[in-house]
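Student: coordinates only, no sequence provided:
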């Protein structure tokens, strides 16, 4: 076997859990082969560069081998080799996410606590037990 469909290779190399997910991501343009957008039936060969975007992470891998069946992870990792530039960029992005501020800290006011809600009700309604205009 000297060529294989890109969707089947991505599935066998464990980039996606199912072939249908691989087809969907390829159709959305998140997978490039040799820096060109492709269709799911595009054939890949050993030596091709495949760029896969998963979330905010872009991985560029060189195809080392082909397999028509999905195997265990150690076998799947032998089908490709990540480029050095891709690995360094991925590690730098992970380090930047690790050092970034906690997103929840930027929220100045969220959902009120029970105590806050009672204080709001007290100031809003005062001694009235009804929302009617009659006081």
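Tutor: Alright, I've got the coordinates. For clarity, every value in this text was computed on a predicted model and none was experimentally measured.
Student: you'd agree residue 64 is up against residue 46?
Tutor: Yes - Residue 64 lies in contact with residue 46 (Cβ atoms under 8 Å); the separation is 6.0 Å. Heads up, the C-betas are built off the backbone N, CA and C, glycines and all.
Student: give me the most central residue, this protein.
Tutor: Among the residues of the chain, the one closest to the centroid is residue 55, at 2.5 Å (Cα atoms, centre = their mean).
Student: phi and psi next, for the closest residue to residue 85 other than its chain neighbours.
Tutor: The shortest distance from residue 85 to any non-neighbouring residue, by Cβ to Cβ, 6 or more residues apart in numbering, is to residue 60 (7.1 Å). The phi/psi pair for residue 60 (degrees, to the nearest 10) reads phi -110, psi 120.
Student: equivalent analysis for residue 43, please.
Tutor: The phi and psi values for residue 43, taken as degrees, to the nearest 10, are phi -90, psi 140.
Student: same thing with residue 44?
Tutor: The phi/psi pair for residue 44 (degrees, to the nearest 10) reads phi -110, psi 150.
Student: contact partners for it?
Tutor: Taking Cβ atoms under 8 Å, 6 or more residues apart in numbering, we find residue 44 in contact with 3, 4, 5, 6, 9, 33, 50, 63, 66.
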